[in-house]
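Asker: Pasted the sequence and its predicted model underneath.
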Amino acid sequence: MADEDRVTPDAFAALQARFGQQSKKAQAYYTVMHAARGALKSDEAASSWMEAPLAALGGKSPAQAVAEGRVDEVLVHARAL
């Protein structure tokens, strides 16, 4: 590997940080999806619920709200299903 092809420590740290953020988002989505699946009794119904805009979330879908970091708020709605 040529020196110009090597990843710098700063670039590697930035990649690690980005991976950590994406991992947290995926975990949050999975947590909400799991709660919705438990309430709705099917993966298909939970997926549909995750993508449907909800007035209680300001017209955003649960998936959009989770992406915005509103996991606790969305979990309240998922558990109330």
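Answerer: Nice, thanks for sending it over.

Asker: Quick one: list the elements packing against the helix or strand containing Asp72.
Answerer: Using DSSP states H and E, Asp72 sits in helix 71-79. For helix 71-79, the packing partners by 3 or more Cβ pairs under 8 Å, 6 or more residues apart in numbering; DSSP states H and E come out as helix 9-40, helix 62-67. (Each C-beta comes from the backbone N, C-alpha and C, glycine too.)

Asker: how far off helix 71-79 does the first one point, in degrees?
Answerer: Which is helix 9-40. 20 degrees (axes from the mean of the first three to the mean of the last three Cα atoms, to 10 degrees).

Asker: Which secondary structure elements does the very next helix or strand once past helix 9-40 sit against?
Answerer: Scanning forward in sequence from helix 9-40 by DSSP H and E, the next helix or strand is helix 43-51. The contact analysis (3+ Cβ pairs under 8 Å, 6+ apart) places helix 43-51 against helix 9-40, helix 62-67.

Asker: which ones are touching the residue nearest in space to the middle of the chain?
Answerer: Nearest to the geometric centre of the chain sits Tyr29, at 3.2 Å (Cα atoms, centre = their mean). Tyr29 makes contacts with 50, 63, 66-67, as judged by Cβ atoms under 8 Å, 6 or more residues apart in numbering.

Asker: Understood, closing this out.
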